[in-house]
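In: Here is my input, please return the structure:
(3 chains)
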Amino acid sequence: MQIELAHYLLLSAVLFGIGVMGVLTRKNLIVIMMSIELMLNAVNLTFIALARYSANIEGQVIVFFVLCIAAAEIAVGLAILIAIWRHRGMMSIDSLKQLKW
Amino acid sequence: MIESILDNNLITFLILLVSVGALVGLFIGLSVFLGPKRTSKVKDSPFECGWIVTTDAWRPFPIKYYLVAILFIIFDVEVAFLYPWAVSFGNLGMAGFISMMVFLAILFVGLYYAIKKRVLDWR
Amino acid sequence: MLMIPELIILVTALLVLMAGTMSPNSGKALAPLSMFGIAASFVALVFFSPQTGEMLGGRFVMDPVAWWFKILFLVAGILTVAMSLDMLDGRLTKQVKGMASGAEYYMVLLSTMAGMMYLCSARDLISLYVSLELTTIPLFLLTAWVRDDVRSGEAGLKYVIIGAMASGIMLYSLSLFYGLTGSTDLDVLRVSLTSSPALLAAAALLVGGIGFKLTLVPFHMWAPDVYEGAPLPITAYLSVASKGAGLVFLFHIFYRVLGGFLPDWGAMVAILATATMTFGNVVAIWQKNIKRFMAFSAISQAGYLIMGFLGKSAEGVPAMLFYLLVYIVSNLVVFAVIIFYANETGREQIEEYKGLARRHPMLSLAMMIGLFSLAGIPPLPGFVGKFFLFSVASRAEFHWLVLVAAVNSTVSLYYYLRVVKEMYVDPLAEGDEKKLRVTPVLATTISVSAIAMVAMGVLPFFYEWIHTDTIVWLRGLGL
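Out: Residues are numbered from 1 along each chain as shown, chains lettered A, B, ... in the order given. I've put the predicted structure just below:
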């Protein structure tokens, strides 16, 4: 079986779905952050595959920026997480109860 | 492009996906239903090289390293931009050189601020 | 040079950061420095920047609508800096502990402004995404600014999780757009997109992702928590600027890229608008905390705002732009008074506004005008803006939506009046007889923006100006 564009797209859609489910269902905040990373990297895979199959460089360029932004997002998220952790000593989303969700 | 999703190969791939999932589910289900369950306190406790467990696995641990780690991430990702720039340096000319220098200058403002704020001091 | 206003903002951001490290008592100079930078950028934009033009090979384009949005963001930014002054200089009755330095605050605030301004001029999926993230990521930080306040950190964390997920969803839709055409240039996208199921999926994901920014129901759930937890000036900024950024993004995608498909999606927009305004209004009635109350009020305003996507773009675009301008100024007037009251007394509950009119009549008057403008009472600009939006919907044959919106407007009048009643009718609480004093900066901010707000409603030329400019823009797009 030859691997074609559709397979890449399907794989990245599945990975993206796993990421979304992770964000929505997991309790541990670190795991939620990891799921967000998974979502962004699934999109990166889409971009790379599309760029490869349309012989067009722009899809690869955007991946650089997405990587960079994902790092910034996670750095900010972890910084806030640590600020909270110093107060609560908890890493579970159940501890976020000061404000009604 | 996306129209090619509706390709014949996709069907084979889906069949593979479903059958792999079914097989894995079957094995896990069999072991859950048929396997004997004998639990005891000692058996359920985590294994720590033969020691008696002292704390919870989720105990808080010191993370004063995190500022350095976050700074590392930023400069690590910055390198991702430097490699393509370096490869096509000859074609970019003066404009490419200047824009990368501006980019680096902005990053160094951040680094200067971090040093000034004693983030990198290891207390 | 078209990029001068943005560059001024960025250079000011770096200067503020550097100035913060110079000497320990440079703190007082930071706010004036950033306000000077914003003002300089404003002057450069209004007087020295042409309204049309492009640079960087068409990837950074100036057009009349971008010009108007930049003006909006600069106005919102300078007002936010003015409102943050008291908090950062420590002129509060109840001291806020655990705040990082003012230099970082202004630097982060200025970078989110720069992101919004770049967003207006972006003409490429890459720059669109990068500038949207430059807008959002600093806002996460600002929300979690008060380190020792558990609510602030919690709000920041919720915002990070929801915001990052929303941007991931939006990025997925951008990848579909790229896949359908093989290009990231918005103008190429417009000519080469054809109707297909994948395009519908991309548009749906995009509305989902941007719906978080615009707080459209059902993507609104982060807003009340984040608004309540964030420091007050940031709540004010979030409620106006984040909405503006979402609207710019939708303008880019809906008008620039999907201009031909928009008329078919009217029903979807109408349903979103109905759900958003009804939910926001119904829940706002029950709120006790003024920040949460303003959050739900902001949600319902977003519902009115997107009514402009129905019908002809030549009517919808100026109506939305004008309403956003009105909403920004009215909301900031109300928030400035809320900030003043919270700074002086540390109170945030609606029932604690009892008798405010007797303690500071002028500011209560400003707040009342602001609330009435949000409710849409003539001759205030909120009424004018709503009138244009409603007429857009009615000319697009969405008569039921106009009816729903009118009922919602009446309901909103009820809960806005509740605050006014607390301020004017209810007697003073025990021990509140002392008159309140307002700091000069805040007083100037409130009076200038209140006067500007009233002027927008009374003078007709604002709308005409916006209208002429947007018609030029739409003609350029062939709509």
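
In: Could you pull out the helices in chain A for me?
Out: Along chain A, the stretches classed as helices by DSSP state H are A:5-25, A:29-53, A:58-88.

In: Could you dump these into a markdown table and include mean pLDDT, mean neighbour count and distance to chain C?
Out: The way it works is simple: take the backbone N, C-alpha and C, and place the C-beta from them, glycine included. Below are the helices of chain A laid out as a markdown table (pLDDT from 0 to 100; neighbours: other C-beta atoms under 10 Å in any protein chain shown; distance: least, C-beta to the nearest C-beta, whole Å):
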| stretch | mean pLDDT | mean neighbour count | distance to chain C |
| --- | --- | --- | --- |
| helix A:5-25 | 90 | 17 | 5 |
| helix A:29-53 | 92 | 21 | 4 |
| helix A:58-88 | 87 | 20 | 4 |
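
In: list the contacts for the residue lying closest to B:Phe89 once chain neighbours are set aside?
Out: In this structure, B:Phe89 finds its nearest non-sequential neighbour in B:Gly96, 6.9 Å apart by C-beta to C-beta, 6 or more residues apart in numbering or on different chains. B:Gly96 is in contact with B:Trp85, B:Ser88, B:Phe89, counting by C-beta atoms under 8 Å, 6 or more residues apart in numbering or on different chains.

In: The closest residue in space to A:Val76 that isn't next to it in sequence: neighbouring residues, count only.
Out: Leaving aside its sequence neighbours, A:Val76 sits nearest to C:Phe140 (C-beta to C-beta, 6+ apart; 5.1 Å). Look at C:Phe140: counted by other C-beta atoms under 10 Å in any protein chain shown, it has 26 neighbours.

In: Equivalent analysis for C:Val438, please.
Out: Applying other C-beta under 10 Å, we find 20 other residues in the vicinity of C:Val438.

In: What separation do you get for it and chain A?
Out: C:Val438 sits 29 Å away from chain A, taking C-beta to the nearest C-beta, to the nearest Å as the criterion.

In: Assign a three-state SS to that residue, would you?
Out: Classification of C:Val438 using DSSP: H, G, I helix; E, B strand; the rest coil returns coil.

In: Please tell me I have it right and it contacts C:Ala366.
Out: No: at 10.5 Å, C:Val438 and C:Ala366 do not qualify as touching, with contact defined as C-beta atoms under 8 Å.

In: so does the helix or strand bottoming out on mean pLDDT in chain C get close to chain B?
Out: Least confident helix or strand, chain C: strand C:53-55 with a mean of 81, by mean pLDDT, DSSP states H and E. No: applying C-beta under 8 Å from any C-beta of the partner chain, one finds strand C:53-55 separated from chain B by no less than 12.4 Å.

In: Tell me the helices and strands packed up against the next helix or strand after that strand.
Out: Note on strand C:53-55: by DSSP states H and E, the next helix or strand toward the C-terminus is strand C:60-62. Other elements packing on strand C:60-62 under the criterion 3 or more C-beta pairs under 8 Å, 6 or more residues apart in numbering or on different chains; DSSP states H and E are strand C:53-55, helix C:102-121.

In: Pick the most deeply packed of those.
Out: Most buried of the helices and strands packed on strand C:60-62 by mean neighbour count (mean count of other C-beta atoms under 10 Å in any protein chain shown) is helix C:102-121; its value is a mean of 25.

In: Could you confirm whether it reaches chain A?
Out: No: on the criterion C-beta under 8 Å from any C-beta, helix C:102-121 is out of touch with chain A, staying 10.1 Å away.

In: and that helix, C-alpha only, in CSV?
Out: Taking Å, rounded to 0.1, in the frame of the first residue of the first chain, the C-alpha atoms of helix C:102-121 are listed here in CSV:
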residue,chain,number,x,y,z
GLY,C,102,5.1,48.1,35.8
ALA,C,103,7.7,47.8,33.1
GLU,C,104,6.7,44.3,32.3
TYR,C,105,3.0,45.2,32.4
TYR,C,106,3.3,48.0,29.9
MET,C,107,5.6,46.0,27.7
VAL,C,108,3.2,43.1,27.5
LEU,C,109,0.2,45.5,27.0
LEU,C,110,2.1,47.3,24.2
SER,C,111,3.0,44.0,22.5
THR,C,112,-0.6,42.8,22.4
MET,C,113,-1.5,46.2,20.8
ALA,C,114,1.2,45.7,18.2
GLY,C,115,-0.3,42.3,17.5
MET,C,116,-3.7,43.7,16.9
MET,C,117,-2.4,46.4,14.6
TYR,C,118,-0.4,43.8,12.6
LEU,C,119,-3.6,41.7,12.4
CYS,C,120,-5.4,44.6,10.6
SER,C,121,-2.7,44.7,7.9
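
In: what about the next helix or strand after it, distance to the chain center?
Out: Next helix or strand after helix C:102-121 toward the C-terminus (DSSP H and E): helix C:125-143. Distance of helix C:125-143 from the chain centroid (C-alpha atoms, centre = their mean, to the nearest Å) equals 14 Å.

In: Give the closest residue to residue 61 in space, chain neighbours not counted.
Out: Chain wasn't specified; assuming chain A. Closest to A:Val61 by C-beta to C-beta, 6+ apart is C:Ile126, at 6.4 Å.

In: meant chain C actually
Out: Nearest one to C:Val61, counting by C-beta to C-beta, 6+ apart, is C:Glu54 at 4.4 Å.

In: For C:Ile285, see how far away the one you found is.
Out: Applying C-beta to C-beta, to the nearest Å, the value for C:Glu54 to C:Ile285 is 48 Å.

In: now C:Ser131
Out: 37 Å.

In: For these two, work out which one has more neighbours and name it.
Out: For C:Ser131 versus C:Ile285, neighbours defined as other C-beta under 10 Å are more numerous around C:Ser131 (24 against 13).

In: pLDDT value on that one, please?
Out: If you check C:Ser131, the pLDDT there is 93.

In: Check whether stretch C:288-295 comes near chain A.
Out: No: Stretch C:288-295 lies apart from chain A when judged by C-beta under 8 Å from any C-beta; the minimum separation is 8.8 Å.

In: where exactly do the helices run in chain B?
Out: In chain B, helices defined by DSSP H lie at B:8-34, B:41-44, B:66-87, B:89-116, listed in chain order.

In: looking only at pLDDT, what's the mean for the longest one?
Out: Put plainly, it is helix B:89-116. If you average the pLDDT over helix B:89-116, you get 88.

In: now stretch C:27-39
Out: Taken as a whole, stretch C:27-39 has a mean pLDDT of 87.

In: May I see the buried residues of it?
Out: Across stretch C:27-39, burial judged by 16 or more other C-beta atoms under 10 Å in any protein chain shown covers C:Gly27, C:Ala29, C:Leu30, C:Ala31, C:Leu33, C:Ser34, C:Met35, C:Gly37, C:Ile38.

In: How about the contacts made by the last one?
Out: By C-beta under 8 Å, 6+ apart, the contact set of C:Ile38 is C:Ile9, C:Thr12, C:Leu74, C:Gly77, C:Ile78, C:Val81, C:Leu110, C:Met113.

In: Would you point out which residue of the stretch 301-450 of chain C is nearest chain B?
Out: Relative to chain B, the nearest point of the stretch 301-450 of chain C is C:Phe309 (25.8 Å; C-beta to the nearest C-beta).

In: burial count for that residue?
Out: By the measure other C-beta under 10 Å, the count of residues near C:Phe309 is 26.

In: Can you point out the helix or strand that includes the closest residue to it other than its chain neighbours?
Out: Excluding the flanking residues, the one nearest C:Phe309 by C-beta to C-beta, 6+ apart is C:Val269, at 4.7 Å. Per DSSP H and E, C:Val269 falls inside helix C:266-284.

In: Run the chain-centre distance for that helix.
Out: That offset, for helix C:266-284, works out to 18 Å (C-alpha atoms, centre = their mean).

In: Check stretch C:53-71 too.
Out: The chain centroid and the centroid of stretch C:53-71 are separated by 20 Å under C-alpha atoms, centre = their mean.

In: Dump that stretch to CSV, restricted to CA.
Out: Extracted in CSV, the C-alpha atoms of stretch C:53-71 (Å, rounded to 0.1, in the frame of the first residue of the first chain):
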residue,chain,number,x,y,z
GLY,C,53,-0.7,51.1,0.1
GLU,C,54,1.3,47.9,0.5
MET,C,55,4.8,46.8,1.4
LEU,C,56,6.8,43.5,1.8
GLY,C,57,5.4,42.2,-1.5
GLY,C,58,1.8,42.7,-0.6
ARG,C,59,2.0,40.9,2.7
PHE,C,60,1.5,44.1,4.7
VAL,C,61,-1.3,46.1,3.3
MET,C,62,-2.9,49.3,4.5
ASP,C,63,-6.6,50.0,3.6
PRO,C,64,-9.3,52.2,5.1
VAL,C,65,-10.8,49.5,7.2
ALA,C,66,-7.4,48.5,8.6
TRP,C,67,-6.9,52.2,9.3
TRP,C,68,-10.1,52.4,11.3
PHE,C,69,-9.4,49.3,13.3
LYS,C,70,-5.9,50.5,14.2
ILE,C,71,-7.4,53.8,15.4
